[in-house]
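Trainee: Build the 3D model from these lines:
(chains A and B, ligands or ions: 1)
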Amino acid sequence: MINRGYYERFGGAYLPEILVATFDDLEDKFIKAKSDPLFWKEYSDIMSTYSCRPTPVTFAENLTNHFNGARIYIKREDLNHTGAHKANNVMGQGLLVKRMGKTRVIAETGAGQHGVATATMAAKFGFKCTIYMGEVDVQRQRPNVFWMDRLGAEVIPVREGTRILKDAINEAFRDWVGNMDTTHYVLGTACGPHPFPEMVSYFQSIIGKEARKQILEIEGRLPSRIYACVGGGSNALGIFKGFLADPVKLVGVEAGGRGLDSGLHAARLSSKDASIGVAQGYKTYFLQDSDGQMKETHSVAAGLDYVGVSPILAHLKESGRVRFESATDREVVDAMSLTIKKEGLIPALESAHAFVQAFKEAPKLSKEDIILINQSGRGDKDIFTVADAFDDPRWKEFIKKKAEEYNA
Amino acid sequence: MLELYLKSRLIEKKILLMTHIVLGYPSFEECFKIIETMVNAGVDLMELQIPFSEPVADGPVILHANQKSLAEGSTVKKCLDFAQNVTRSFDIPFLFMSYYNILFKYGIDRFAVSMAEINMKGAIVPDLPPEEGRDYLNAMKKYNLDPIFIFSPTTPDERMNYLASFGRGFIYCVARKGVTGLDTDFSGQLNKYLERCRMATHLPLALGFGVKDKNDIDFLKGKTDIAVIGTQTIRLVEKEGVGAVDEFVRSLR
Ligand SMILES: Cc1ncc(COP(=O)(O)O)c(C=O)c1O
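Mentor: Numbering: from 1, shown residues only, chains lettered A, B, ... in the order given. Modelled structure (predicted):
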């Protein structure tokens, strides 16, 4: 490995020896691809013909009027193929897999968005595909499991540990240490050992590149603040990277779950509950006990329900460049509901975290201010969770009837 | 010094036995009995795994042992206290095996001090390559403890030399790809790999992952200095209880 992927105190590559050669090769292929001007062209071409890039920036006129403060814009990552920013990372890594000559891909997934995106990429490029998903997430994101099955991916429910995202990552690593000759692990977020944080945020930086150009075209000036939800940190880094050198405030919003005081949350950078540790191959802030055992996390949004966070974001927090906030499950459902009613947009529960914080700050800003929210994905996948949150009687009726049909 | 101890034992025995247990699984009391049995049955050295919530290099058997031990309330402090009792009671070298976060959170230097105080001889930290291990290597050296490094079949010759330059005590050679607890094919492929390992270091070689019976150990005689039995004894204790350990260990020679 040429560099070990440190962002000041965070990052690194804490690898078992069996994987060292695989990571050396991956880093090598990634560096070569990055310095090949044709590679980014190939990548952005495929994103425009297979996904929906550039995704638009939408002016949220009704929300703007509603809050009577800053002008609210929304970057529409929900309009990607498969409905989330995850497609950006997956197609990029897929092109690398072709260059590496491997024939099988594996991935972890929490919300199922990364799993579905990986399964589409595998179908398109002709790779075999296995997806690891915590048993809890299989239950709460069932529509995505259905689509992964249809796409020909093998979905393996993970019953170890806390049975959510981190446990799915562990199982994917366990698969990989046995099968690295044929298999690439398509990690879904800007976490894990180097070069993953750098590589995933490199592919996701397409969001910020586009958004900066678009907002300048529309408004002729930069936004004052940008909001993104933070699970592992890939959509946040994707949009932030376009504005790091600008006088723009960057705000990452983590899962506050049942509230920071409840202990039932996944706030690593916006609460005092996390401390620096090394797990899953990298050094960052983890929600862990004083012995270094990882804790159980909680969020209504499976994609944010994770113990660690991108080492790049941990560094940007310490340097003061990015501010971190949290949103509770309740606030998230309310913000989603408001966005649906006012704009006809359906953000994913993950994305709705960013909306919560933007809605808190928009009224305090002036009408001259512009804010930009990254809508990382669409909420269709959350239909069961949202129906429960609204306690929707007609939906329940439908599910009961459907169950009767199957039982008949 | 571990290396000298091993080399002197190797004058009498063709191959040494190292066993592995997960501390606190099934319980600390049973761990003590298992260790006692193993020492009496002639095991030459042992690795004591401090459980971690994310043991990524371990297969299902050791993973569950880690999880159950933690669920029963194992802590690093309990593991250290237990290890102290063990080193006082038995006269073979004991090593810690754990993932890096356990040492990191405890404080690397403090961990090494504790190890030295309780007379542990060294440590195996499978997710800590030397490139990330400067603090660890310094602390181990300062307190005269042996950092055990790992070779794998995917490790190129040049890197084996590099790893050997940091390793002390012995080198742990992982027999194959994959996690702990899967079968290993003891065949010609392994010979070539072990020859490469031998070329890279003057340290004794231990071979682990998939070693489960006398046949495997007979195959390894003359090729490696230490055979490591990990998952197999944990499986045995799960199926037949601590009472079966004595006969099993004796059957290996
Ligand atoms: C729609 C959506 N947004 C956000 C995330 C969180 O991931 P990240 O922080 O890497 O963007 C996920 C993860 O599953 C997701 O599906």
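Trainee: so where is the stretch 51-200 of chain A shaky, pLDDT-wise?
Mentor: The model of the stretch 51-200 of chain A has no residue with pLDDT under 70.
Trainee: Tell me which stretches of it form strands.
Mentor: A:57-59, A:71-76, A:104-109, A:128-134, A:154-158, A:183-185 (DSSP state E, counting those that start in this stretch).
Trainee: and the residue of the stretch 251-400 of chain A nearest chain B?
Mentor: Proximity of the stretch 251-400 of chain A to chain B (CB to the nearest CB) peaks at residue A:292, 3.4 Å away. C-beta: built from backbone N, CA, C; applies to glycine.
Trainee: Is my assumption valid that residue B:150 occupies a position in a helix?
Mentor: No - Residue B:150 is assigned strand when assessed by DSSP: H, G, I helix; E, B strand; the rest coil, not a helix.
Trainee: tell me which residues form a beta bridge with it?
Mentor: Beta-bridge partners recorded for residue B:150 (DSSP bridges): residue B:172.
Trainee: mind checking the end-to-end distance for stretch A:278-298?
Mentor: 21 Å (CA to CA, to the nearest Å).
Trainee: for stretch A:182-194, same thing?
Mentor: 20 Å.
Trainee: near the ligand at all, it?
Mentor: Yes - for stretch A:182-194, a contact with the ligand is found by CB under 6 Å from any ligand atom, at residue A:189.
Trainee: from chain B, which residue is nearest to the ligand?
Mentor: Of all residues in chain B, the one sitting closest to the ligand is residue B:54 (18.9 Å; CB to the nearest ligand atom).
Trainee: Wondering if stretch A:161-181 reaches chain B at all.
Mentor: Yes - shown here: stretch A:161-181 in contact with chain B (CB under 8 Å from any CB of the partner chain) through A:161, A:166, A:170, A:173-174, A:177-181.
Trainee: which ones among those residues are found in helices?
Mentor: A:166, A:170, A:173-174, A:177-179 (DSSP state H).
Trainee: Highest neighbour count among the residues you listed?
Mentor: residue A:166 (28 neighbours; other CB atoms under 10 Å in any protein chain shown).
Trainee: Could you check what's spatially nearest to that residue, not counting adjacent residues?
Mentor: residue A:307 (5.1 Å; CB to CB, 6 or more residues apart in numbering or on different chains).
Trainee: Test my guess that that neighbour contacts residue A:285.
Mentor: No - shown here, residue A:307 and residue A:285 do not form a contact pair, counting by CB atoms under 8 Å, at 9.3 Å.
Trainee: burial measure for residue A:263, as a count.
Mentor: 15.
Trainee: Next up, the contacts around residue A:72.
Mentor: A:59-60, A:63-64, A:358, A:362, A:371, A:373 (CB atoms under 8 Å, 6 or more residues apart in numbering or on different chains).
Trainee: who wins for neighbours among those residues?
Mentor: Ranked by neighbours (other CB under 10 Å), the contacts of residue A:72 are led by residue A:373, which has 33 neighbours.
Trainee: Point out the other helices and strands that the host helix or strand of it packs with.
Mentor: Using DSSP states H and E, residue A:373 sits in strand A:370-375. Identification of packing neighbours for strand A:370-375 by 3 or more CB pairs under 8 Å, 6 or more residues apart in numbering or on different chains; DSSP states H and E yields strand A:71-76, helix A:196-219, strand A:225-229, helix A:234-240, helix A:349-361.
Trainee: Identify the residues contacting the third one?
Mentor: When contacts are defined by CB under 8 Å, 6+ apart, strand A:225-229 is touched by residues A:70, A:235-236, A:238-240, A:243, A:248-254, A:301, A:304, A:350-355, A:357-358, A:361, A:365, A:369, A:371-374, A:376.
Trainee: which of those residues count as buried?
Mentor: Burial by neighbour count, 16 or more other CB atoms under 10 Å in any protein chain shown: within the contacts of strand A:225-229 this picks out A:70, A:235-236, A:238-240, A:243, A:248-254, A:301, A:304, A:350-355, A:357-358, A:361, A:365, A:369, A:371-374, A:376.
Trainee: Please go through those and note which also touch the ligand.
Mentor: Answer for these near the ligand (CB under 6 Å from any ligand atom): A:235-236, A:304, A:350-351, A:376.
Trainee: Residue A:56: neighbour count?
Mentor: Residues near residue A:56, counting by other CB under 10 Å: 14.
Trainee: Show me what from chain A comes close to chain B.
Mentor: So far as CB under 8 Å from any CB goes, chain A lies against chain B at A:1, A:4, A:12-22, A:160-161, A:166, A:170, A:173-174, A:177-181, A:275, A:277-281, A:286, A:288, A:290-294.
Trainee: Just the pLDDT at residue 19, thanks.
Mentor: Answering for chain A, as no chain was given. Here, the pLDDT recorded for residue A:19 equals 97.
Trainee: To clarify, I was referring to chain B.
Mentor: 98.
Trainee: With residue B:209 instead?
Mentor: pLDDT, read off for residue B:209, is 94.
Trainee: so what's it up against?
Mentor: By CB under 8 Å, 6+ apart, residue B:209 lies in contact with B:174-176, B:178, B:180, B:182, B:184, B:228, B:230.
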